[in-house]
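>>> take this sequence and fold it.
(chains A and B)
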Amino acid sequence: MVKEIERYGIPIVHMSTITTISESVGANRIVPTIAIPHPVGNPNLPENEEYSLRKKMVERAIDALGTEITEVTQF
Amino acid sequence: MAKKFRVLYYVNQFFGQIGGEEKAGVAPTFEAKTLGPALGFNGLLGDEGEVIGTIICGDNYFNENKEEALEYIMNVVKEQKPDIVVAGPAFNAGRYGMACAGVANAVVDELNIPVVTGMYVENPGVEECKSKAYVVSVADSAGGMREALPKMANLTKKLAKGEEIGLPEEEGYIPQGKRLTIFSDKRGSQRAVEMLLSRLNGEAFETELPMPVFDKVEPAKAIEDLSKATIALVTSGGIVPHGNPDRIQSASAQKWGKYDVSNIDALTGEYYTIHGGYDPVYANEKPDRVAPLDLLKEFEKEGKIGKVYEFFYTTTGTGTSVGNATKFGVEIGKELKEAGVDGVILTST
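The predicted model follows:
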């Protein structure tokens, strides 16, 4: 899906835990995440810490869309 | 002399000499004759086997009325009791390839009769049936008929006589994705080192387990001004509105859904996961842990991004075929492009 969407020329960032899969399916911008059942979150943390962790990850993803790249890049 | 093995042949309206595109709607018929490629094929079987008849079906008819077409075709197969069924070659004709694949899968699944067909490697029919039928790799147009038929006939003979089938590259068929156990006089470590040495020396070597080939897409240009950009959120994590209104499958998804999120600040409360491939507890508690709509909305408020796109797109990634995932990506990407979306965040579990 990532690759086909990017084929339209729209920058796309893949947030995924298993980044090797992400690379093998052709994602170019990748943000590694926490775990399969809660990629953008960590239920083991207190609420405020989980919140700041999540916010940082999403911000990284947004910034990735604003970053020019020439090859597969992990942010 | 041993009894000749019996081959039933399947062709489309064109190769069955009924007509071209204008006859693509014809329903299947059976003729106890060798028509089109079946004639040449029969000659290649020599004394060992014979083509007992030809089923002809219009490509459009097959693809638009698959159930009816297969019912007729399967009845003929049951009546004629062939030892093997041969279809095509379909070259790069998509509908013909899909028809050959449909016949092949039905015959193998229901009757356990082997099937040989021939297709150009990019024919969509290849993916449909290569694991069940033997799909000989042929040229992309009917100009390759003369090379295709002998390969198909060789495989047919071997299968009909119960002989062992060689590896794909030896026999000329498209790999079926099966891993076979074969005995080797060298242990794995030695073979691996030999391959590595060949590679380092720039010599040819043959892997024992080819990796799937994925094509690459060039990275799209970055967004120049994030504060004016519309960002869409997409997930393969199976996050859907409560009740799963579009009945998206929890595994091996056949479809995707899109939901208006322009009036909500988070997915939590109204959404949950139907994904069958991970422990749903954490996602059900807070689906934004899988698809972080809440934070995107916050960044929108803060002005870091211009806007969160009004629709959220979702499907289930587990067990979903590459073919379907590709199709979903093409369909979703088209909508996002037309809507003028500037960037996409896609989350996977």
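>>> so which bits of stretch B:226-240 are buried?
For stretch B:226-240, burial by neighbour count (16 or more other C-beta atoms under 10 Å in any protein chain shown) applies to B:226, B:229-240. Bear in mind the C-beta positions are built from the backbone N, C-alpha and C, glycine included.
>>> ok, and which of those reach chain A?
B:Leu226, B:Ala229, B:Ile231, B:Val234, B:Ser236, B:Gly237 (C-beta under 8 Å from any C-beta of the partner chain).
>>> what sits closest to the first one if chain neighbours are left out?
Spatially, and ignoring its direct neighbours in sequence, B:Leu226 is nearest to A:Gly66 (4.7 Å; C-beta to C-beta, 6 or more residues apart in numbering or on different chains).
>>> what about the one you found, how many neighbours?
18 (other C-beta atoms under 10 Å in any protein chain shown).
>>> what's the answer for B:Gly144, then?
B:Gly144 has 17 nearby residues by other C-beta under 10 Å.
>>> for it, what are its contacts?
Counting by C-beta atoms under 8 Å, 6 or more residues apart in numbering or on different chains, B:Gly144 touches B:Pro89, B:Phe91, B:Val138.
>>> 7 Å - rerun?
B:Phe91, B:Val138 (C-beta atoms under 7 Å, 6 or more residues apart in numbering or on different chains).
>>> what helix or strand does the residue nearest the centre of chain B sit in?
Nearest to the mean C-alpha position of chain B, by C-alpha atoms, centre = their mean, lies B:Glu127 at 3.4 Å. Using DSSP states H and E, B:Glu127 maps to helix B:124-129.
>>> helices or strands next to that helix in the packing?
Using 3 or more C-beta pairs under 7 Å, 6 or more residues apart in numbering or on different chains; DSSP states H and E, the elements in contact with helix B:124-129 are helix B:94-106.
>>> partner strands of the helix or strand following the helix it packs on, with direction?
Next helix or strand after helix B:94-106 toward the C-terminus (DSSP H and E): strand B:115-119. According to DSSP bridges, strand B:115-119 forms sheet pairs with strand B:84-87 (parallel), strand B:134-137 (parallel).
>>> how big is the angle separating strand B:115-119 from helix B:94-106?
For strand B:115-119 against helix B:94-106, the angle by axes from the mean of the first three to the mean of the last three C-alpha atoms, to 10 degrees is 160 degrees.
>>> so for strand B:115-119, mean pLDDT?
Strand B:115-119 comes out with an average pLDDT of 97.
>>> and the contacts of it?
B:84-91, B:97, B:100, B:104, B:107-108, B:125-126, B:133-136, B:138, B:148, B:152, B:155-156, B:159.
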